[in-house]
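Engineer: I would like to see how this sequence folds:
(one chain, ligands or ions: 1)
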Amino acid sequence: MSTAESVHNGSVRGEPVREASVRERAPSRRAGAPWHADPYVRALRAGRGPLFLRRADGWMLPLDVERWCADPDAADRTVLRRCQSPTLDIGCGPGRLVAALALLGRPCLGIDVSQAAVARTLRAGGPALCRSVFEPLPGEGRWGTALLIDGNIGIGGDPRALLARVAQLIVPGGLLLVEAAAADVDERVRVRVDDGRGGVGTAFPWARVGIPALLHHARTAGWAPAEQWTAQDRGFMALRRTPPGPRSATER
Ligand SMILES: C[S@@+](CC[C@H](N)C(=O)[O-])C[C@H]1O[C@@H](n2cnc3c(N)ncnc32)[C@H](O)[C@@H]1O
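Structural biologist: Next comes the predicted model:
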């Protein structure tokens, strides 16, 4: 059975998606997980913010929880239209994108480290697993498209490491659709999830990357730019997986 068929049918390589998704990991492993912090879980359950990523210097990045919990908007649909099946949504949150793909009968899977996010994705009708992108995943090397939307290029705080990891997941010639930061930034920071009302999670590494830095990191990690577009003030890039080759001195 192909990855596409198995994911579409609600299981991945014989692993029932629903069962795997609700399995809790050992409490010790989960205890410090930042996206398990109460402010994020409470916001997902309520379907609304306020919610921020707060840097140590006090700078706050607003998180658009209401939009994440709504149906895909016009900008999201520009992403969905470009997906080549099967699609892996990395850090799927409450799952609006995989739910929309599933509704269209398109093979897909969302992964997220937050149990609350996975539960919401499943309720919305999207297949999802509670798993980190850095853990072993079903269908490695066979996904047609990976998504890093809503700032998810920041996952792990090291864009190059994340791009290299995603390259392992995608079929040769497959696509990575990434949303870049609106500003021309390339920053690695430590942040906490903060509800602006005293609810604060543990600190964790995050990154923000604008288009120029994304292009640079992508080339280094074996991705070739395929397309760049803007929709509703959000900037996106499509990257195509290139075969590994010798790296130039400037890329090292
Ligand atoms: C900025 S939010 C994006 C939300 C999402 N794209 C949506 O539509 O709601 C980042 C998401 O990535 C998840 N995440 C963080 N680290 C992760 C990891 N290592 N692997 C998978 N998901 C992760 C978080 O739990 C959170 O739901």
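
Engineer: residues from this protein in reach of the ligand?
Structural biologist: Proximity of the chain to the ligand (CB under 6 Å from any ligand atom) is limited to residues 35, 68, 90-94, 96, 111-114, 117, 132-134, 149-152, 155-156. For the C-beta atoms, the positions are set from N, CA and C on the backbone; glycine is no exception.

Engineer: Drop anything exposed from the residues you listed.
Structural biologist: Neighbour counting by 16 or more other CB atoms under 10 Å classes 35, 68, 90-94, 96, 111-114, 117, 132-133, 149-152, 155-156 among the residues of the chain next to the ligand as buried.

Engineer: Can you tell me which residue of this protein sits closest to the ligand?
Structural biologist: Gly93 (2.1 Å; CB to the nearest ligand atom).

Engineer: Is that residue in contact with Leu147, as I believe?
Structural biologist: No. Gly93 sits out of contact with Leu147 when judged by CB atoms under 8 Å, with a separation of 10.9 Å.

Engineer: Show residues contacting the longest strand along the chain.
Structural biologist: Counting residues, the longest strand in the chain under DSSP state E turns out to be strand 170-180. Residues outside strand 170-180 that contact it (CB atoms under 8 Å, 6 or more residues apart in numbering) are 79, 82-84, 141-153, 163, 166, 209-211, 214, 218, 223, 226, 234-241, 243.

Engineer: Just the residues you listed: which are in strands?
Structural biologist: Per DSSP E, the subset of the contacts of strand 170-180 in strands is 143-148, 209, 223, 226, 234-241.

Engineer: Write the PyMOL selection for whichever of the residues you listed are buried.
Structural biologist: Buried subset of these, written as a PyMOL selection, criterion 16+ other CB under 10 Å:
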select buried, resi 143+144+145+146+147+148+209+223+234+235+236+237+238+239+240+241
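
Engineer: so after the longest strand of the chain, what's the next helix or strand?
Structural biologist: strand 186-194 (DSSP states H and E).

Engineer: picking up where we left off before, just the ones of the residues of the chain next to the ligand in helices?
Structural biologist: Among the residues of the chain next to the ligand, the ones falling in helices (DSSP state H) are 68, 96, 117.

Engineer: Under the pLDDT cut-off, which ranges of the stretch 101-250 of the chain? List them.
Structural biologist: 244-250 (pLDDT under 70).

Engineer: from the middle of its chain, how far away would stretch 110-119 be?
Structural biologist: 11 Å (CA atoms, centre = their mean, to the nearest Å).

Engineer: what's the first-to-last distance across it?
Structural biologist: End-to-end distance for stretch 110-119, by CA to CA, to the nearest Å: 11 Å.

Engineer: Equivalent analysis for stretch 150-169, please.
Structural biologist: Using CA to CA, first and last residues of stretch 150-169 are 20 Å apart.

Engineer: How about stretch 176-187?
Structural biologist: End residues of stretch 176-187 are separated by 21 Å (CA to CA).

Engineer: next one: stretch 107-117
Structural biologist: End-to-end for stretch 107-117, by CA to CA: 19 Å.

Engineer: Ok, stretch 230-239 next?
Structural biologist: End-to-end for stretch 230-239, by CA to CA: 15 Å.

Engineer: start at 8 instead
Structural biologist: All set: I'll call the first residue 8, so the last point we hit is now stretch 237-246.

Engineer: who touches it?
Structural biologist: 80-82, 85-86, 89, 182-189, 217-218, 221-222, 225, 230-236.

Engineer: what's the closest non-adjacent residue to Pro101?
Structural biologist: Using CB to CB, 6 or more residues apart in numbering and skipping the chain neighbours, the partner closest in space to Pro101 is Arg127 (4.0 Å).

Engineer: that's a strand at the one you found, yeah?
Structural biologist: No. Secondary structure of Arg127 (DSSP: H, G, I helix; E, B strand; the rest coil): helix, not part of a strand.
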